[in-house]
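Participant: quick one, structure for this:
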Amino acid sequence: MKKFLSIVLIIVSFLIIYFIQSNFFTWFTIANIKPNLFVIFILCIGLFAGKKLGLIFGIIFGFFIDVVIGRQIGISGIMLGIIGLLGEYLDKNFSKESRITIMLMISASTAIYEIGGYIFNIIALNINVEIIQFVRILIIEIIYNLLITIVIYPLIQKLGHALEEVFKTKNILTRYF
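Facilitator: I've put the predicted structure just below:
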């Protein structure tokens, strides 16, 4: 029952984040660039709930974003799925307790998401390669995501540990001789 309620809470959280991303941050841009809250959200799911949920929610939410926004369908799904898988890898190799570590994880995830999406768009849509413009957008988006991470870090920790308790149970078998 706890897992079902947690999944419903994740879906509701996604809808709230989608509303904030599409409405609130259209007014608060830096050089006409919005943050990518979806990368932060999916990375946190991968970190705290595991790679299966990170991958599944990354793909589902990514396809939803592609359908609603109307871009090439599949690119966000693939890239957010990769970010969800990356969360489990980062969880095993790095500590989630440090704010700086979380910020570095989000910076790397944002870069992977944007670079991967840019490469897919170059291949699929045959767009012109404008490296300088892309790097400018990438740097501003990473900085924006970092600023948001600094503000919401306590919320990430609190909700993350709650997810971890539900989805990452430790089955320890002990033997008494």
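
Participant: quick one: low-confidence parts of this protein?
Facilitator: Applying pLDDT under 70 to the chain flags the ranges 70-71, 169-177.

Participant: what sits up against stretch 145-159?
Facilitator: Contacts of stretch 145-159 with the rest of the structure, by Cβ atoms under 8 Å, 6 or more residues apart in numbering, involve 35-37, 39-40, 44, 48, 96-97, 99, 102-103, 106-107, 110. All C-beta spots, glycine's among them, are computed from the backbone N, C-alpha and C.

Participant: show me just the buried residues among these.
Facilitator: Neighbour-count burial (16 or more other Cβ atoms under 10 Å) is assigned, among these, to 35-37, 39-40, 44, 48, 96, 102-103, 106-107, 110.

Participant: distance to Ile60 and secondary structure for those - can I get that in CSV?
Facilitator: Output for these, formatted as CSV (distance: Cβ to Cβ, whole Å; DSSP: H, G, I helix; E, B strand; the rest coil):
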residue, distance to Ile60, secondary structure
Pro35, 21, coil
Asn36, 17, coil
Leu37, 16, helix
Val39, 15, helix
Ile40, 17, helix
Cys44, 16, helix
Phe48, 18, helix
Lys96, 23, coil
Ile102, 24, helix
Met103, 26, helix
Ile106, 21, helix
Ser107, 25, helix
Thr110, 20, helix
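
Participant: spell out the secondary structure type for Tyr153.
Facilitator: Here Tyr153 is recorded as helix under DSSP: H, G, I helix; E, B strand; the rest coil.

Participant: would you map the helices across the chain?
Facilitator: According to DSSP state H, the chain carries its helices in the segments 2-23, 37-49, 51-69, 75-93, 99-125, 131-167.
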